[in-house]
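S.K.: here is my input; please provide its structure:
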Amino acid sequence: VKSGLINHGWSYINIDDCWEIKPGSDDPMLSGKPRDSDGMITTNKKFPDMKGLTDYVHAKGLKTGIYSSPGPTTCAGFTATYQFDDKDARRWADWGFDYIKYDWCSYGNISKGNTLAELQKPYVLMRSALDKVDRDIVFSFCQYGMGDVWKWGEKIGGNSWRTTGDITDSWSSMSKIGFNQAGQEQYAGPGHWNDPDMLVVGLVGWGPQLHPSRLSPDEQYTHISLWSLLASPLLIGCDMTRIDAFTLNLLTNDEVIEINQDPLGKQAGRVFKEDGLEIWVKEMEDGSKAVGIFNLTNTTEKVKAEWSVLGLEGKQVVRDAWRQKDLGQFTGNFTADVASHGVKLITIRKAK
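M.R.: Numbers count the residues shown, from 1 in each chain. Prediction:
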């Protein structure tokens with residue numbers, strides 16, 4: 001709220017791991033047992049009043065999310081949900097949470113192999129548990145894309161699903177994850193989204209050892225542009241108390257966010273790939289197209305986007321989404337100089 005992000009559509013504050021009790025821990029900051037006498041999960045001293053916390057967040061006009069694993073413990077070794085699906089779903093609803101990230105983690109030790117049924121099982125169980133509570137809770141699968149989850153995530157009730165392993169703030173990680181989403185657009189749409197993981201801009205890392213994103217400015221523009229075209233859930237992964245002006249600019253450009261949040265819910269597809277240059281196109285509800293022209297090479301390149309490739313004809317108005325200004329009317333193609341590891345993010349609409 002203080003940063004102004006709330007005015008640009010950012011609406012969820014999500015807790016990740018480490019809010020629970022660590023089984024068998026003698027850590028002085030933890031107290032009590034992982035579950036009470038009714039089998040309901042308890043919190044550690046860092047989170048003494050979950051209902052008070054969600055009420056506070058909701059009073060700010062925001063929603064809030066929580067985290068668990070279908071295994072016995074979370075990735076960080078804290079108490080998780082195994083065999084307590086109904087109780088945990090009820091607890092989260094009673095606390096007032098609006099989102100659950102459900103992370104595979106230790107469930108790998110429980111699973112009886114990698115058959116489709118085994119990969120789906122814990123998520124089917126939690127979907128059933130969430131359906132029994134009187135609260136709308138976004139269900140985010142986090143199982144790193146195993147079994148081509150994008151092909152069946154919607155069928156078993158997922159609202160989003162990680163398509164990949166964890167992202168890091170390097171060009172190799174971000175670009176490999178982002179540009180490998182090609183072909184998965186057919187499985188995304190309103191209410192069910194491919195999730196290529198969080199945004200790695202700003203001060204990132206595992207606190208207190210934080211560092212500025214290792215992505216160059218051009219690489220950060222590529223990151224936000226591509227994730228917006230992909231209709232990805234946009235999840236800020238940096239220290240929000242120390243957001244610098246550049247990062248805030250990346251996260252508050254309403255024309256770029258509108259590409260991500262377009263009500264049609266279409267994920268962009270790749271229409272051109274040659275010599276390290278790629279063009280991605282996203283259909284928009286108003287009939288326009290959002291287009292990302294990407295340069296994955298190590299030198300600035302002149303890139304021509306042909307109307308025939310973009311599915312266009314006639315005279316078109318091209319607008320620069322980052323600069324929020326029209327670039328003029330063009331017929332047949334649009335050509336731009338694109339910096340190394342950079343992007344030209346444009347919208348194209350028919351000229352009147």
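S.K.: pLDDT weak spots in the stretch 1-150 of the chain?
M.R.: 26-32 (pLDDT under 70).
S.K.: need the strands for it, in chain order.
M.R.: Along the stretch 1-150 of the chain, the stretches classed as strands by DSSP state E, counting those that start in this stretch are 12-14, 63-68, 99-103, 138-142.
S.K.: reformat the ones you listed as CSV; add mean neighbour count.
M.R.: In this view, the C-beta of every residue, glycine as well, is placed from N, C-alpha and C. Formatted as CSV, the strands of the stretch 1-150 of the chain follow (neighbours: other Cβ atoms under 10 Å):
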stretch, mean neighbour count
strand 12-14, 18
strand 63-68, 23
strand 99-103, 24
strand 138-142, 23
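S.K.: so which of those comes closest to residue 248?
M.R.: Residue 248 sits nearest to strand 12-14 of all these, at 17.0 Å, using Cβ to Cβ.
S.K.: who does the closest one touch, helix- and strand-wise?
M.R.: Where contact means 3 or more Cβ pairs under 8 Å, 6 or more residues apart in numbering; DSSP states H and E, strand 12-14 is packed against strand 63-68, strand 99-103.
S.K.: could these go into JSON lines alongside distance to residue 153?
M.R.: Output for those, formatted as JSON lines (distance: least, Cβ to Cβ, whole Å):
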{"stretch": "strand 63-68", "distance to residue 153": "18"}
{"stretch": "strand 99-103", "distance to residue 153": "12"}
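S.K.: residue 168 is nearest to which of the ones you listed?
M.R.: strand 99-103 (17.1 Å).
S.K.: direction included, what does that closest one pair against?
M.R.: According to DSSP bridges, strand 99-103 has the following sheet partners: strand 63-68 (parallel), strand 138-142 (parallel).
S.K.: contacts for that strand?
M.R.: By Cβ atoms under 8 Å, 6 or more residues apart in numbering, the surrounding residues in contact with strand 99-103 are 12, 14, 16-17, 63-70, 74-75, 81, 92, 122-123, 126, 130, 137-143.
S.K.: how far off centre is that strand?
M.R.: Computed by Cα atoms, centre = their mean, to the nearest Å, the chain-centroid distance of strand 99-103 equals 12 Å.
S.K.: okay, it in CSV with CA atoms only?
M.R.: Extracted C-alpha coordinates of strand 99-103, given in CSV (Å, rounded to 0.1, in the frame of the first residue of the first chain):
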residue,chain,number,x,y,z
TYR,A,99,-4.7,-18.5,-1.8
ILE,A,100,-2.7,-21.7,-1.2
LYS,A,101,0.6,-22.6,-2.7
TYR,A,102,0.9,-26.4,-2.4
ASP,A,103,4.5,-27.5,-2.8
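S.K.: which residues touch residue 72?
M.R.: Contacts of residue 72 by Cβ under 8 Å, 6+ apart are 79, 80, 82, 106, 109, 110.
S.K.: at 10 Å what do you get?
M.R.: By Cβ atoms under 10 Å, 6 or more residues apart in numbering, residue 72 lies in contact with 23, 34, 79-84, 105-107, 109-110.
S.K.: give me the number of residues near the residue lying closest to it once chain neighbours are set aside?
M.R.: Spatially, and ignoring its direct neighbours in sequence, residue 72 is nearest to residue 82 (4.5 Å; Cβ to Cβ, 6 or more residues apart in numbering). When neighbours are defined as other Cβ atoms under 10 Å, residue 82 has 19 of them.
S.K.: residue 188 too?
M.R.: So residue 188, with other Cβ under 10 Å, has 25 neighbours.
S.K.: what's the spacing between the spatially closest residue to it that is not a sequence neighbour and residue 134?
M.R.: Among residues not flanking residue 188 along the chain, residue 267 sits closest, at 4.2 Å (Cβ to Cβ, 6+ apart). Taking Cβ to Cβ, to the nearest Å as the measure, residue 267 falls 32 Å from residue 134.
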